[in-house]
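In: can you look at this prediction? I've put the sequence above it.
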Amino acid sequence: MSIFEMGMMIAFGFAWPFSIYKSYKSKSTKGKSIHFLLIVVFGYVCGLIHKVLYNPDIVIIFYALNALMVAVDSFLYLKNAINEKKAKAD
């Protein structure tokens, strides 16, 4: 296990709850990019797969938590985009 990898994952992990909160409270897609979010989820999933197959250690938990948080933020983005589209049509 690399302490630096764990530090990176923890630091990134602290940012996602704020992003989720912003998405939830604002009910807006402004300042967000679904492409960016999906690329980040892909990166975390790749890191998770690497950890499971080649280097299993405690950092797996941080990859999984971060991927889950970005997935939640992506879901909120899509939900907000649908609501914005409905509001525009009215």
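Out: Sure thing, it's come through. Quick caveat: nothing in here was measured; it's all calculated off a predicted structure.
In: show the backbone phi and psi for Thr29.
Out: Taking degrees, to the nearest 10, you get phi -100, psi 0 for the backbone angles of Thr29.
In: spit out the contact partners of it.
Out: Applying CB atoms under 8 Å, 6 or more residues apart in numbering to Thr29 gives the contacts 77, 80-81, 84. In this view, the C-beta of every residue, glycine as well, is placed from N, C-alpha and C.
In: looking at the residues you listed, which are in strands?
Out: The strands, defined by DSSP state E, take in nothing from the contacts of Thr29.
In: regarding this protein, what is its longest helix?
Out: helix 59-89 (DSSP state H).
In: next, the buried residues of that helix.
Out: Residues of helix 59-89 classed as buried: 59-60, 62-67, 69-74, 76-77, 80 (neighbour count, 16 or more other CB atoms under 10 Å).
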